[in-house]
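Undergrad: Please find the sequence and the predicted model below.
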Amino acid sequence: MPPRSWGWWTEQKLDILGDYLAAFNKASTTAGTTIYLDLFAGQAQNISRSRTEHLIRGSARRALETRPPFTVLRFFELESQAAGLKAALEAEYPDSRDRFKVVPGDCNMTIAAVLAELADLNWAPTFAFLDQQSTEVQWSTLQQLARHKREDKWKTELWLLCASGLLPRGLRLRTEAIDNTTADRMTAMFGTDVWTEALHATRAGELSSADFRSELTNLMRWRLEQALSYRTTLVFKVTNTNGSEIFDMSFATDHWAGEKIMKDVYSAAERRQPALRLKAQLQRRQAREESQGRYGMFDLDEFAPDKPDATLFEVKPEHVPPHPPYRRRGRLNGN
């Protein structure tokens with residue numbers, strides 16, 4: 001398959017992943033075994049949307065290149081793409097063939113067999129990356145991941161994409177009738193229909209669209225902590241070049257070290273985000289000007305600052321705990 005083009009925010013997400021995986025394995029050195037599960041592995045390599053000659057390493061490559069290395073890696077991908085991913089990874093990492101497998105099919109259907117295969121290693125530090133497009137993962141899959149480890153061990157750490165900025169469009173939020181298919185998938189993902197309370201309030205004008213997006217992210221974090229008993233969840237908001245929210249990355253752990261490491265990684269990424277956005281804006285401007293036949297002596301992105309200007313941008317860490325799910329007036333809060 002030809003490479004997909006990704007925006008700068010996707011590259012930043014993968015940079016966060018790479019930073020955390022290296023720290024995760026370093027912190028787990030004494031365990032002797034570490035496991036990486038990538039439930040939506042995608043393609044091994046893609047290109048930048050703003051600079052098409054710039055290749056971006058996908059999550060599978062970053063996991064295989066992590067140092068210290070993972071002992072066991074499982075990459076889940078749909079049947080139509082699994083063979084291509086397997087061939088690419090085997091060609092590029094021939095010495096790692098005994099460490100990884102590509103699992104074809106819907107991860108919600110194949111996760112049970114993979115976790116059963118890894119049952120003898122249910123004591124080992126395990127990290128799961130769930131980089132879904134919108135609502136592909138089901139709550140039952142999150143349950144299985146959370147319950148995979150022995151009771152005397154830390155839970156499987158989860159890093160999950162919540163497409164809170166995109167779901168309102170998929171729902172057709174402002175139309176007369178919402179999209180029931182998307183609604184059903186959201187209920188399957190959250191494992192509850194309590195999210196519809198915020199939906200009805202938004203359609204009635206009681207909540208803004210921004211409030212609705214925040215409630216969706218909050219609900220996922222609340223469910224991970226309350227229903228799956230994770231000690232902590234942390235959220236990182238991802239915006240596009242124009243500053244509009246497109247998705248959140250929610251991290252779940254019950255280990256103090258995981259919380260500390262991800263807070264540090266998130267904070268570093270938040271400091272980089274404004275400069276990355278400005279660089280992408282300059283690249284897009286240059287592409288537009290060159291399409292009109294206007295060429296400059298230098299690439300515009302060379303003038304982007306390496307560090308954000310505090311007078312132009314404000315970075316706000318969002319490490320506050322989740323609150324109970326939204327309920328319309330007269331209803332009690334709950335799970």
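TA: Sure, I can see it.
Undergrad: mind listing the helices for this structure?
TA: Per DSSP state H, the chain has helices spanning 8-27, 59-64, 79-92, 107-117, 139-147, 167-171, 180-190, 195-203, 209-226, 256-291. These are given in chain order.
Undergrad: Name all residues that make contact with A124.
TA: 31, 33-35, 71-72 (CB atoms under 8 Å, 6 or more residues apart in numbering). Where C-beta positions appear, they are placed from N, C-alpha and C, glycine not excepted.
Undergrad: got a pLDDT number for V72?
TA: According to the prediction, V72 has pLDDT 98.
Undergrad: need the contact list for the residue nearest to V137 when sequence neighbours are not counted.
TA: Spatial nearest neighbour of V137, excluding adjacent residues (CB to CB, 6 or more residues apart in numbering): L130 at 5.4 Å. Each residue near L130 by CB under 8 Å, 6+ apart is listed here: 39-40, 137, 142, 158-161.
Undergrad: coming back round to it: narrow the contacts of A124 to those that are buried.
TA: The neighbour-count test (16 or more other CB atoms under 10 Å) marks 34-35, 71-72 as buried among the contacts of A124.
Undergrad: Now, these that are in strands?
TA: Among the buried ones among the contacts of A124, DSSP state E puts 35, 72 in strands.
Undergrad: could the buried ones among the contacts of A124 go into CSV alongside distance to T182?
TA: Below are these laid out as CSV (distance: CB to CB, whole Å):
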residue, distance to T182
T34, 36
I35, 33
T71, 38
V72, 35
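Undergrad: ok, the buried ones among the contacts of A124 vs N108, which is closest?
TA: Looking at the buried ones among the contacts of A124 and their distance to N108, the nearest is I35, at 19.1 Å (CB to CB).
Undergrad: For that closest one, give the beta-bridge partners.
TA: Counting by DSSP bridges, I35 forms beta bridges with V72, T126.
Undergrad: Hmm, W123 and it touching each other?
TA: No. Applying CB atoms under 8 Å, one finds I35 not in contact with W123, separated by 10.3 Å.
Undergrad: which residues touch the residue nearest the centre of the chain?
TA: Centroid-nearest residue in the chain, with CA atoms, centre = their mean: L161, separated by 3.4 Å. With contact taken as CB under 8 Å, 6+ apart, L161 is in contact with 130-132, 247-250.
Undergrad: So for S28, what's the nearest residue that isn't a sequence neighbour?
TA: The shortest distance from S28 to any non-neighbouring residue, by CB to CB, 6+ apart, is to P125 (4.0 Å).
Undergrad: Run a quick neighbour tally on the one you found.
TA: P125 has 27 neighbours, counted by other CB atoms under 10 Å.
Undergrad: Distance check, it against A204.
TA: Applying CB to CB, to the nearest Å, the value for P125 to A204 is 46 Å.
Undergrad: Same check on V137?
TA: Using CB to CB, we find V137 at a distance of 29 Å from A204.
Undergrad: So between these two, which is more surrounded?
TA: Shown here are V137 and A204; by other CB under 10 Å, V137 has more neighbours (24 against 9).
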